[in-house]
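Colleague: Build me a structure from this.
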Amino acid sequence: MAQNEPFKSGQTWTYYGATPISSRVIIGAVDNLEGENQPIVSISVTDAPIPNEGKALQTVPHLPIAADVLRESVVELEGTGPIPDGFGQGYKLWRQAYDSGKGGYFTISVQEIVGILRSQLGQQPAAK
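Modeller: Down below sits the predicted model:
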């Protein structure tokens, strides 16, 4: 199902390597940008404890990722729901940076992105 379902705002997906297994990807926006050979999908990642100024950030509110990489990262579409708080502000800042030539997007899996955020901020992934 993950290979055929088009990405749409509000979708909730399971993803490979989610730690804890309750972590989800929520689609916030899908952009077909000039000069890109595929859509750029802006996502939130929920239930992904990442240290942030002494307390765990449970939701990463905005991450832009290439659609083909996201397609390989997700497992199953669970349904649709609200987009997490903080997504809109993160998306707005990213689009301003992207449109001015100073912002990019990820071309690595969601699991790798979360792992890098954890390692850069000093936390090892939680046990399953």
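Colleague: which phi and psi does the most centrally placed residue in the chain have?
Modeller: For the chain, the residue nearest the mean C-alpha position is residue 43 (3.6 Å; Cα atoms, centre = their mean). Taking degrees, to the nearest 10, you get phi -130, psi 160 for the backbone angles of residue 43.
Colleague: Which of the helices or strands spans residue 62?
Modeller: When secondary structure is defined using DSSP states H and E, the element that contains residue 62 is strand 60-66.
Colleague: which secondary structure elements does that strand contact?
Modeller: Using 3 or more Cβ pairs under 8 Å, 6 or more residues apart in numbering; DSSP states H and E as the contact test, the elements touching strand 60-66 are strand 40-46, helix 87-99, helix 110-120. No exception for glycine: its C-beta is placed from N, CA and C like everyone else's.
Colleague: If you count neighbours, what's buried in the last one?
Modeller: Read that as helix 110-120. 110, 111, 113, 114, 115, 117, 118 (16 or more other Cβ atoms under 10 Å).
Colleague: Quick check, pLDDT for the fourth one.
Modeller: Read that as residue 114. For residue 114, the model assigns a pLDDT of 92.
Colleague: for it, what are its contacts?
Modeller: Listed by Cβ atoms under 8 Å, 6 or more residues apart in numbering, the contact set of residue 114 reads 19, 23, 45, 48, 50, 60, 125.
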